[in-house]
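everything below, folded, please.
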Amino acid sequence: MNLPKNIPRRTFASVVGASVSAFGWTAKSYARILGANERIRLGFIGVGGMGTNHLNTIGELREKNNLEAVAVADCWLTRAEEGGQRVSAPHVFSDYHRLLDRNDIDYVTIATPEHRHTEVLLDTLDAGKAAYCEKPLTHTLAETKLVLDKQAETHLPVQVGIQGMSDDSYATAGQAIRDGVLGQVVQAQIEYVRRYGAQGLFAVPGLQGNMPKPNDLDWKSWLGPAPEVGWDPHRYFEWRNYSDYSGGVATDLLIHRLARILKACDLSYPRRVVGMGGIWHWKEHRDLPDNFEMICEYSRGMTVYVLGTQSNRVGIDHLIRGYRGTLYFTPTGWVAKDKDGKVLAEHQKNGAEDIHLHHTNLQNHLRNGEKLKCPVEFAGAVGAAVIMANESWRTSQMMGWDEQARDMLACHKVKQDPYPLDEELP
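Prediction:
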């Protein structure tokens, strides 16, 4: 078996060699180990922008949810120390392995740049710990296979940070669709649009390219499996603009919106994907598009369009089209209407796109087996689509999904099964 270049051999060996018996916990058995009312102890790996959000969230939930912050790790020691102070964590490390070596941590938040998710998550599961991993689950499809296989072996809970799945609008819309409210579903559209200022997409205002590297920042550790380059403050602080570390607009923004449609329409891996866009507005310090859109085709016989302009905030309706009617997502839930505007069904949402709810869901899962809102299987399918869209943009080819290989190929190289027979039109 060939080892993907960006996965350390030590980690890969632990993936394929781990015994299920070592960590063979189901959600219920893990809950019994933890105890229904027992304090949950956390570690935090990566405490930059999103990582600080995790620290703040746990600080706000600490008393209500009976939580304890045990340790914080970041390759920039100063940042780790500041994070530790924020949540009164007694242990601070620049090497995340030292955090994972502790036996007094129940779950770990992983809020590193995307290219480090896989190695850190695999090491976390190796250490017998549950995880809350930020989206996207992985940076490449080869990594996705490793993570899915590893989680299946260990049965350790992994919540993925697509927080919109803690809004019940999408699960309830899915039930309405299964009940036939829309008839045969054929198309969906959604967007994530913004209008960035002069500093540019994912840019830090006033950042100087000659800023020296902090003495206590381990640059080599931050790079991890990425190509070795010299210290560059733009790459460190604006990493979402570089394909070595991120998928940019697709994996940071559009993934949130696409997940909503996949949940509502019971979709998994796409049949075909095309991504289009370019570096049109902000030319410097990036190799990923600043404006991007994608179209996915799914084997149930429908397409999904996702708009992602970052130069104009005028959006489009978030909706799902069916033969009998159209379902519109609203700020308060959703409403389905027929072609004449008659209301077929509607729903006032419970929950929200909220990191507090997402963490609480994982904590309830650990205590009593509550179903995870965004498990790895679902996050892997959503992540595959945005990874394929980026590859389509890079290669100017439509990408197809090879189910057997669990990988993407140029579409003409993938054997595509015929669409299912059309449903009888109501």
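
show me the shaky parts of this protein.
1-36, 419, 421-426 (pLDDT under 70).

how about the helices in it?
9-17, 27-34, 49-65, 77-87, 96-100, 117-126, 141-154, 169-178, 219-223, 233-237, 249, 255-265, 355-368, 376-395 (DSSP state H).

so of those, which one's packed in deepest?
helix 249 (a mean of 31; mean count of other CB atoms under 10 Å). Placement of C-beta: from N, CA and C, glycine included.

Provide the contact partners of stretch 335-349 at residue level.
Here stretch 335-349 makes contact (CB atoms under 8 Å, 6 or more residues apart in numbering) with 167-169, 172-173, 176, 181-182, 324-328, 332-334.

what does stretch 312-324 give?
Here stretch 312-324 makes contact (CB under 8 Å, 6+ apart) with 173, 177, 180-191, 193-195, 257, 260-261, 264-265, 307, 326-329, 338, 344, 425-426.

same thing with stretch 220-237?
Against stretch 220-237 from outside (CB under 8 Å, 6+ apart): 5-8, 75-76, 94-95, 113, 115-116, 119, 204, 207-209, 211-213, 217, 219, 241-242, 244-245, 285.

please apply the same query to stretch 49-57.
Applying CB under 8 Å, 6+ apart, the contact partners of stretch 49-57 are 44-45, 47, 69, 72, 74, 83, 86-87, 109, 111-112, 132, 134, 161, 355-356, 359.

look up how far Lys342 lies from the residue nearest to the spatial centre of the chain.
Residue closest to the average C-alpha location in the chain (CA atoms, centre = their mean): Lys135, at 2.1 Å. Lys135 sits at a distance of 37 Å from Lys342 (criterion: CB to CB, to the nearest Å).

list the contacts for the residue lying closest to Glu391 once chain neighbours are set aside?
Nearest residue to Glu391 in three dimensions, chain neighbours excluded: Met399, at 5.4 Å (CB to CB, 6 or more residues apart in numbering). Listed by CB under 8 Å, 6+ apart, the contact set of Met399 reads 272-274, 388-389, 391-392, 408-411.

save the residues you listed as JSON lines, and put in distance to Glu377 too.
As requested, the contacts of Met399 are arranged in JSON lines below (distance: CB to CB, whole Å):
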{"residue": "Arg272", "distance to Glu377": "21"}
{"residue": "Val273", "distance to Glu377": "19"}
{"residue": "Val274", "distance to Glu377": "24"}
{"residue": "Met388", "distance to Glu377": "17"}
{"residue": "Ala389", "distance to Glu377": "20"}
{"residue": "Glu391", "distance to Glu377": "21"}
{"residue": "Ser392", "distance to Glu377": "23"}
{"residue": "Met408", "distance to Glu377": "18"}
{"residue": "Leu409", "distance to Glu377": "22"}
{"residue": "Ala410", "distance to Glu377": "26"}
{"residue": "Cys411", "distance to Glu377": "24"}
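
surely Thr138 meets Gly383?
Yes. Between Thr138 and Gly383 there is a contact under CB atoms under 8 Å: 6.3 Å.

mutual contacts of these two, please.
Thr144.

now the closest residue to Ile255 other than its chain neighbours: how far from Arg394?
Excluding its sequence neighbours, the residue lying closest to Ile255 (CB to CB, 6+ apart) is Val386, at 5.0 Å. Val386 sits 13 Å away from Arg394, going by CB to CB.

same question for Asp244.
Applying CB to CB, the value for Asp244 to Arg394 is 13 Å.

ok, Met388 next?
11 Å.

now for the residue nearest to the centre of the chain: which residues touch it?
Lys135 makes contact with 160-162, 251, 255-256, 379, 383, according to CB under 8 Å, 6+ apart.

now do Ala127
Taking CB under 8 Å, 6+ apart, we find Ala127 in contact with 100-101.

again, only this time at 7 Å
Leu100 (CB atoms under 7 Å, 6 or more residues apart in numbering).

not counting sequence-adjacent ones, nearest residue to Gly197?
With sequence-adjacent residues excluded and distances taken as CB to CB, 6+ apart, Gly197 is closest to Pro205, at 8.0 Å.

want to throw the helices of the chain into CSV with distance to Pro418?
Listed next are those as CSV, based on distance: least, CB to CB, whole Å:
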stretch, distance to Pro418
helix 9-17, 35
helix 27-34, 37
helix 49-65, 42
helix 77-87, 53
helix 96-100, 47
helix 117-126, 35
helix 141-154, 24
helix 169-178, 22
helix 219-223, 45
helix 233-237, 45
helix 249, 33
helix 255-265, 19
helix 355-368, 38
helix 376-395, 21
